[in-house]
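1. Output the structure for:
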Amino acid sequence: MTEWRPSAGLEALRRRAELLGAIRAFFAELGVLEVETPVLSMYGATDPHLDSFCTRYTGPGGVAGRNMYLQTSPEFAMKRLLAAGSGPIYQICKAFRNGETGRYHNPEFTMLEWYRPDFDYRSLMAEVDDLLRRILHTSPATLSSYAALFAHHLQLEPHSASIARLRDCAADHGIQVSASLGEDRDGWLTLLWSHLIEPHLGGGGRPQIVCDYPVSQAMLARVRPGVPAVAERFEVYIDGVELANGFQELQDCAEQRRRFEENCRLRRVGDMPEMSPDERLLAALVHGLPACSGVAVGLDRLLLLKLGVGELREVLAFPFDRA
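-> Residues are numbered from 1 along each chain as shown. Sure thing, here's the model as predicted:
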């Protein structure tokens, strides 16, 4: 039996320690406070694309017999700190997403997340680029809008193209399509994105930042009105690997509740476990979240790119199958 051994070499583990030290030094220079928030929460993710690990608390404290959830991200707790006046903060933590395993996925992974009050999302893009240049010694990132990439690669306007046009594009490129996509417009966009655009992003090791997503993909981002309206959201790619996801953060409690409720509806349609909206986050938004931008970076993927290896298990001591 060899499964007791780490899948990553000892040099990779040393480089991980160096990476964590370099990140902490970066934020110390900027005066950004390191914080810790709970890994275990009373609220799981309502996002229909995420599946929270569930456990059950059985002890005293007034919540015995209650389901608890491992965090898919520290976002909600960090926003509560921001609403309480923390100022700029960052966190290096474990996050957990059920059902995600593969070349670039492990159900338990390490995340860097940080928030900058008074930064707009373009200022935060520049700071992410600064971090990557420090850690990976990359060239300055290129910036492209979501729409510009669809136009360049597929000659499509993603904000207005019909489902029939998206379906025809997939067929023209020989993509095998699940009948379950049906009238799911975002599903068609994601299919085309993942198969025909994403692999080309950030080629040659130079980061590529993608911004201004469709409103239907806003997640927790603020929406900028216009024709078309867009979500003030960005992602960062290197060599086709998604590395970061950032937002101009939504401050409107009523809109956040509406999005939570829509997520819950989609979970019911998809026969997924019911999740209650995080009432503590909503209360923090009522109190007042400062204007801010935030971003999450996958540190295991960052280390993979730094070392030039092919899959996450080469940078994890004990991946899922050896845990």
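2. how about the longest helix that the chain contains as PDB, C-alpha atoms only?
-> Of all the elements of type helix in the chain, the one with the most residues (DSSP state H) is helix 10-30. Coordinates of the C-alpha atoms in helix 10-30 are reproduced here as PDB (Å, rounded to 0.1, in the frame of the first residue of the first chain):
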ATOM      1  CA  LEU A  10       8.700  17.600  -0.700                       C
ATOM      2  CA  GLU A  11      10.100  20.400  -2.900                       C
ATOM      3  CA  ALA A  12       6.500  21.300  -3.900                       C
ATOM      4  CA  LEU A  13       5.600  21.500  -0.200                       C
ATOM      5  CA  ARG A  14       8.500  23.700   0.500                       C
ATOM      6  CA  ARG A  15       7.500  26.000  -2.400                       C
ATOM      7  CA  ARG A  16       3.900  26.100  -1.000                       C
ATOM      8  CA  ALA A  17       5.300  27.400   2.300                       C
ATOM      9  CA  GLU A  18       7.300  30.000   0.400                       C
ATOM     10  CA  LEU A  19       4.200  31.000  -1.600                       C
ATOM     11  CA  LEU A  20       2.200  31.600   1.600                       C
ATOM     12  CA  GLY A  21       5.000  33.700   3.100                       C
ATOM     13  CA  ALA A  22       5.300  35.800   0.000                       C
ATOM     14  CA  ILE A  23       1.500  36.500  -0.100                       C
ATOM     15  CA  ARG A  24       1.500  37.500   3.600                       C
ATOM     16  CA  ALA A  25       4.500  39.800   2.900                       C
ATOM     17  CA  PHE A  26       2.600  41.400   0.000                       C
ATOM     18  CA  PHE A  27      -0.400  42.200   2.100                       C
ATOM     19  CA  ALA A  28       1.700  43.400   5.000                       C
ATOM     20  CA  GLU A  29       3.300  46.000   2.800                       C
ATOM     21  CA  LEU A  30      -0.100  47.200   1.700                       C
END
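3. in it, what counts as buried?
-> For helix 10-30, the neighbour count (16 or more other Cβ atoms under 10 Å) marks 12, 15-16, 19, 23, 26-27 as buried. (C-beta placed from N, C-alpha, C; glycine too.)
4. tell me the average confidence for the next helix or strand after that helix?
-> Toward the C-terminal end, the helix or strand that comes next after helix 10-30 (DSSP states H and E) is strand 33-34. For strand 33-34, the mean per-residue pLDDT is 98.
5. just checking, what packs against strand 33-34?
-> With contacts defined as 3 or more Cβ pairs under 8 Å, 6 or more residues apart in numbering; DSSP states H and E, the secondary structure elements packing on strand 33-34 are strand 89-96.
6. per-residue confidence averaged over the strand it packs on?
-> According to the model, strand 89-96 has a mean pLDDT of 98.
7. which ones are touching the closest residue to residue 122 other than its chain neighbours?
-> The spatial neighbour of residue 122 that comes closest, neighbours along the chain excluded (Cβ to Cβ, 6 or more residues apart in numbering), is residue 211 at 7.8 Å. Residue 211 sits next to 121-122, 125, 143-146, 232-234 when contact means Cβ atoms under 8 Å, 6 or more residues apart in numbering.
8. Buried residues, the strand or helix carrying residue 211. List them.
-> According to DSSP H and E, residue 211 maps onto strand 208-214. Buried residues in strand 208-214, counted by 16+ other Cβ under 10 Å: 208-214.
9. With respect to residue 60, which of the residues you listed is nearest?
-> Here the nearest of the buried residues of strand 208-214 to residue 60, counting by Cβ to Cβ, is residue 213; it sits at 45.0 Å.
10. so the closest one touches residue 230, yeah?
-> Yes: with contacts counted by Cβ atoms under 8 Å, residue 213 reaches residue 230, the gap being 6.6 Å.
11. Report the set of residues contacting both of the two.
-> In terms of Cβ under 8 Å, 6+ apart, residue 213 and residue 230 are both contacted by the residues residue 146.
12. which SS state does residue 266 fall under?
-> For residue 266, the reduced secondary structure class is helix; criterion used: DSSP: H, G, I helix; E, B strand; the rest coil.
13. thought residue 315 was touching residue 305?
-> No: Residue 315 is not in contact with residue 305 according to Cβ under 8 Å; the separation is 9.7 Å.
14. Show me which of these two is the more surrounded one.
-> residue 315 (27 against 21; other Cβ atoms under 10 Å).
15. What does the more buried one show for phi and psi?
-> As for residue 315, its main-chain torsions (degrees, to the nearest 10) stand at phi -120, psi 0.
16. show me the contacts for it.
-> Taking Cβ under 8 Å, 6+ apart as the criterion, residue 315 is in contact with 8, 12, 16, 300, 303-304, 307, 309.
17. of the residues you listed, buried ones?
-> A residue is treated as buried here by neighbour count (16+ other Cβ under 10 Å); on that basis the buried members of the contacts of residue 315 are 8, 12, 16, 300, 303-304, 307.
18. which one of the buried residues of helix 10-30 is nearest residue 110?
-> When the buried residues of helix 10-30 are compared for distance to residue 110 (Cβ to Cβ), residue 16 wins out at 8.6 Å.
19. Spatially, what comes nearest to residue 187 if we skip its sequence neighbours?
-> Spatially, and ignoring its direct neighbours in sequence, residue 187 is nearest to residue 181 (4.5 Å; Cβ to Cβ, 6+ apart).
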